[in-house]
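Student: Kindly return the folded structure for what I paste below:
(chains A, B and C)
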Amino acid sequence: MGGQLALDRPLAGDFHIAFDGVRLSLGRREVFRGLSCGFLRRQITVVLGGSGAGKSTMLRLIGGLERPDAGSVRVAGEEVNLLPERQLFRVRERIGMLFQGGALLDSMTVFDNVALPLREHTRLSEAEIAERVGRNLAAVGLPDVADLFPRHLSGGMSRRAALARSVVMNPEIVLCDEPFSGLDPLNVRRIEALLVDLSRRAGLTLVVTSHHLASSLRMADRIVFLVDGRAVSGSPEELLQSPDRRIVDFLAAESQAEFDPSRLGDEPSSRPAAGGGAS
Amino acid sequence: MQPSPARDLTVGLFVLAGLAALAYLSIQVGGMEYTGPGGLQIYATFEEVGGLRPRAPIAIAGVKVGQVSAIRLDGDLRARVTLDLDPSLQLPVDSSARIVTSGLLGDQFITLEPGAEEDMLVSGGEIDFTESAISLESLIGKFVNDAGLEEEK
Amino acid sequence: MNAIETLGFRTLMLVVHLGRLGVFVGRVARASVLPPTRLRRFVGEVFDVGVLSLPIVCLSGATVGAVLGFQSYVALSRFGAAGSVGSVVGISLIREFGPVLTALLVTGRAGSAIAAEIASMVQTGQIDGLRMMSIDPVHFVVMPKAWGMLFAMPLLSALFIVFAIAGGYAVVVHLLGLDPGTYLTSLEDSVNLHEDVSQSVTKALVFGVVVACIATYRGYTSEPTSAGVSAATTGTVVVASVAVLLLDYVLTSFWGI
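Tutor: All right, here's what the predicted structure looks like:
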């Protein structure tokens, strides 16, 4: 049933992640004007919205990479917007983030990339690290690429490698920024299945931003729809049946884009920059 | 930037080459150290040092054996020059020091002439026999004066 | 009035940038004393800055030395002082041309590469990725690069000077017929460890610090766009080159004589 989701003084324990009255302007553009919504534990929530609606920004706010001009962002009980950078590790060690395009370090092999958090933050022996990395790479379907560099991988493969890196420290929360963008339908299905499987098995709180209507509706337990700088949330069914004009228009436009080849150019491109710096 | 034995080897070679270059410049080109513990530091007092400056070379029979490290005025308002010499030098106590000019218009340096005594100078010792710098102006002045006196006769 | 406004604005922005640069350098300094040591990455950076700059440094050194030897010989011959060529070449190389030219060459080659690499890491989200993994990007990326350049610069400067002395030797002795003993002894007699060589090494170290700070700062604070990467690179070369030349003047007058 459309309309704004009112956070009636939510119990802190209910929402693993909660936005309350968040305002944020980037440059001259007001991105959020009173954003309030919550993400439940152990659930898969997909954030939908048009280009520029602020989906990526929302994830960055959760991770503390951006700070709101007003309002609060609570993650696992901590008010992330108030913590100084040095103390954010307390929250970040419970979060794994999959960036658009993967954002693997292009000067290191896939193995070293996935092993990086383990080497930096744990005292595991190299043998234990190798076992863990191997297991995670196998889980995302990349058992053989450990010695390759990110520039040798396809978009889908580097996305999956980055996913392995984001879960290797066993986080509670995994944030995925447009994991399906720029991928062919086969890879979209693959990653969707992977995300669902991983999060069910590990009991993750998964937040995914996406353009891809079909996978979103399939995989989501809840949907958060960003529009006009605010959020509307509900179950996928509720969203599909919503009479809200903006939601209806959005659904119509997006489903058309997915099946109409001539409109494929409208899909925002998020192909990662090929290569990267000197190596 | 993957670690590899080959890369580490080249870095090691680079560092060695660089250090060798630094060593060459410091030791071979930069010159021996004449000061410090064990260095032979002698003093000599002159009426006139002329254009002598610190770091000017000191030679015996044309061979460089040290350099001037300091020039100061002493209590009698004469110039007291500190000579830093090669520590292995054996210089008799009656040696003399003379300020000479290299060429006619060149830099000034000190030349030492060893004496005949058997006792050697030690650090802190004094050279008693000194000959001051000859300045071109006073030479010319003297020449003109003498010529003038000749005329008057 | 607009021109004056712009001038005022730009002056203010310059001060702001200097302040930010200072804060950034403070972060790098702080990161330098915190564990882990990152020795592996440091060695990799010495490779990137030092080893990869060797060809251009040595080639330029030999060429500059040859030209310097030639010109000095010609000029000094007019005064009958051709025998002093060794000392002119040696002193000017060690005190000035060695550290300054090496710093300019390294700025163009390694400084721009560092700025570009860090800037493109910003652009592709790798820096944010490190932050999300609770790894300080300044500690992981910037600090080893800064120390790598600081360490490599005096070594490269010394190699430049040695190659230049050799270049001067080749021209003056083999081409112009000066006696090799004269060249080398006038060189060795006039160069002093305390005054000249230590000045040379100090300058090289200072230049290394300055270029490293500017290159890493411009890369780290660049806009996450392709234009941002290019601005970081060209800006580094311009700013660092000017800084090196200005600092050279300051250091030279500080050393006196």
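Student: what sits opposite residue A:20 in the beta ladder?
Tutor: Beta-bridge partners for residue A:20, by DSSP bridges, are residue A:72.
Student: any idea how far residue A:61 is from it?
Tutor: For residue A:20, the distance to residue A:61 equals 12 Å [CB to CB, to the nearest Å]. Heads up, the C-betas are built off the backbone N, CA and C, glycines and all.
Student: What of residue C:213?
Tutor: For residue C:213, the distance to residue A:61 under the criterion CB to CB works out to 31 Å.
Student: neighbour-wise, which of those two wins?
Tutor: When neighbours are counted by other CB atoms under 10 Å in any protein chain shown, residue C:213 and residue A:61 differ, and residue A:61 comes out ahead with 25 against 22.
Student: so that one, which of the three states?
Tutor: helix (DSSP: H, G, I helix; E, B strand; the rest coil).
Student: Model confidence for it, exactly?
Tutor: According to the model's per-residue confidence, residue A:61 sits at a pLDDT of 93.
Student: Tell me if I'm right that residue C:52 and residue C:110 touch.
Tutor: Yes. With contacts counted by CB atoms under 8 Å, residue C:52 reaches residue C:110, the gap being 7.2 Å.
Student: from the chain's centre, how far out does the longest helix along chain C sit?
Tutor: Of all the elements of type helix in chain C, the one with the most residues (DSSP state H) is helix C:2-33. Here the centre of mass of C-alpha atoms in helix C:2-33, compared against the chain's by CA atoms, centre = their mean, to the nearest Å, lies 21 Å away.
Student: wait, does that helix make contact with chain A?
Tutor: No. Counting by CB under 8 Å from any CB of the partner chain, chain A is not contacted by helix C:2-33; separation bottoms out at 10.5 Å.
Student: Just the buried residues of that helix, please?
Tutor: The neighbour-count check on helix C:2-33 (16 or more other CB atoms under 10 Å in any protein chain shown) flags C:21, C:24, C:25, C:27, C:28, C:31, C:32 as buried.
Student: Heading C-terminal from that helix, find the next helix or strand.
Tutor: Next along the chain after helix C:2-33, taking DSSP states H and E as the criterion, comes helix C:39-49.
Student: what about that following helix, average pLDDT?
Tutor: Throughout helix C:39-49, pLDDT has a mean value of 92.
Student: Show me what counts as buried in the helix or strand following it.
Tutor: Sequence order places helix C:54-77 as the next helix or strand after helix C:39-49, per DSSP H and E. Neighbour counts using 16+ other CB under 10 Å place C:54, C:56-58, C:60-62, C:64-66, C:68-70, C:72-73, C:76 of helix C:54-77 among the buried residues.
Student: Mind giving me the packing neighbours of the longest helix of chain C?
Tutor: Counting contacts by 3 or more CB pairs under 8 Å, 6 or more residues apart in numbering or on different chains; DSSP states H and E, helix C:2-33 packs against helix C:143-169, helix C:198-220.
Student: Compare residue C:52 and residue C:110 and say which one has the larger neighbour count.
Tutor: When residue C:52 and residue C:110 are compared for neighbours, residue C:110 comes out ahead with 27 against 16, by other CB under 10 Å.
Student: Can you name the residues bridging to the most centrally placed residue in chain B?
Tutor: Central residue check for chain B by CA atoms, centre = their mean: the C-alpha nearest the mean position is that of residue B:67, 2.5 Å away. Residue B:67 has the following beta-bridge partners by DSSP bridges: residue B:57, residue B:84.
Student: who touches it in this structure?
Tutor: With contacts defined as CB atoms under 8 Å, 6 or more residues apart in numbering or on different chains, the neighbours of residue B:67 are B:34, B:54, B:55, B:56, B:57, B:58, B:83, B:84.
Student: which ones are touching the third one?
Tutor: To tie it back to what came earlier, the one meant is residue B:55. With contacts taken as CB under 8 Å, 6+ apart, residue B:55 has the following neighbours: B:67, B:68, B:69, C:192, C:195.
Student: switch the cut-off to 6 Å
Tutor: residue B:67 (CB atoms under 6 Å, 6 or more residues apart in numbering or on different chains).
Student: Tell me the secondary structure at it.
Tutor: Each residue gets one of three states, and residue B:55 gets coil by three-state DSSP.
Student: separation between it and residue C:189?
Tutor: Remark: distance between residue B:55 and residue C:189 (CB to CB) = 10 Å.
Student: what residue ranges in the chain score low on pLDDT?
Tutor: Here I'm looking at chain A. A:1-13, A:257-279 (pLDDT under 70).
Student: My question was about chain B, not that one.
Tutor: Low-confidence segments of chain B, defined by pLDDT under 70, are located at B:1-2, B:29-38, B:103-105, B:135, B:148-153.
Student: And for chain C?
Tutor: Low-confidence regions of chain C, defined by pLDDT under 70, span residues C:194, C:256-257.
Student: How about the residues of it by chain B?
Tutor: Chain C comes close to chain B at residues C:40, C:43-44, C:46-47, C:50-51, C:155, C:158-159, C:162, C:188, C:191, C:193, C:197, as judged by CB under 6 Å from any CB of the partner chain.
Student: For chain C, what's its nearest residue on chain B.
Tutor: Of the residues in chain B, the one nearest chain C is residue B:18, at a distance of 2.6 Å by CB to the nearest CB.
Student: Which residue comes closest to that residue once chain neighbours are left out?
Tutor: Ranked by CB to CB, 6 or more residues apart in numbering or on different chains and with sequence neighbours excluded, the top spatial neighbour of residue B:18 is residue C:155, at 2.6 Å.
Student: Around chain C, pick out the residues from the stretch 1-150 of chain A.
Tutor: Where proximity means CB under 6 Å from any CB, the interface of the stretch 1-150 of chain A facing chain C comprises A:63, A:65, A:89, A:92, A:93, A:97, A:99, A:103, A:105, A:117, A:120.
Student: of these, closest to residue C:133?
Tutor: Taking CB to CB as the measure, residue C:133 lies nearest residue A:117 of the residues of the stretch 1-150 of chain A next to chain C, at 4.9 Å.
Student: Give me the number of neighbouring residues for the closest one.
Tutor: 21.
Student: wait, what's in contact with it?
Tutor: By CB under 6 Å, 6+ apart, the residues touching residue A:117 are A:169, C:133.
Student: re the thing from before, what sits up against the helix or strand encompassing the residue of chain B closest to chain C?
Tutor: Residue B:18 is part of helix B:5-23 when elements are defined by DSSP H and E. Residues external to helix B:5-23 that are found in contact with it (CB under 6 Å, 6+ apart): C:43, C:46, C:47, C:50, C:51, C:155, C:158, C:159, C:162.
Student: so which of the residues you listed would you say is closest to residue A:253?
Tutor: Where the contacts of helix B:5-23 are concerned, and distances follow CB to CB, residue A:253 has its nearest neighbour in residue C:47, at 52.0 Å.
Student: Excluding residues flanking it in the chain, which one is nearest the closest one?
Tutor: Leaving aside its sequence neighbours, residue C:47 sits nearest to residue B:11 (CB to CB, 6+ apart; 5.0 Å).
Student: Burial check on the residue nearest to residue B:18, number of neighbours?
Tutor: Based on other CB under 10 Å, the number of other residues close to residue C:155 is 27.
Student: What of residue C:217?
Tutor: 27.
Student: how close does it sit to chain A?
Tutor: Distance, residue C:217 to chain A, using CB to the nearest CB, to the nearest Å: 16 Å.
Student: That residue and residue C:24 touch, don't they?
Tutor: Yes. When contacts are counted by CB atoms under 6 Å, residue C:217 is listed as touching residue C:24 (4.9 Å).
Student: what's the angle between the longest helix of chain C and helix C:143-169?
Tutor: Computed by axes from the mean of the first three to the mean of the last three CA atoms, to 10 degrees, the angle separating helix C:2-33 from helix C:143-169 equals 100 degrees.
Student: can you give me the angle helix C:2-33 makes with helix C:198-220?
Tutor: Going by the same axes, to 10 degrees, helix C:2-33 makes 110 degrees with helix C:198-220.
Student: what helices or strands is the single longest helix found in chain A leaning on?
Tutor: Using DSSP H to assign secondary structure, the helix with the most residues in chain A is helix A:185-202. Helix A:185-202 is packed against helix A:213-219, with contacts defined by 3 or more CB pairs under 6 Å, 6 or more residues apart in numbering or on different chains; DSSP states H and E.
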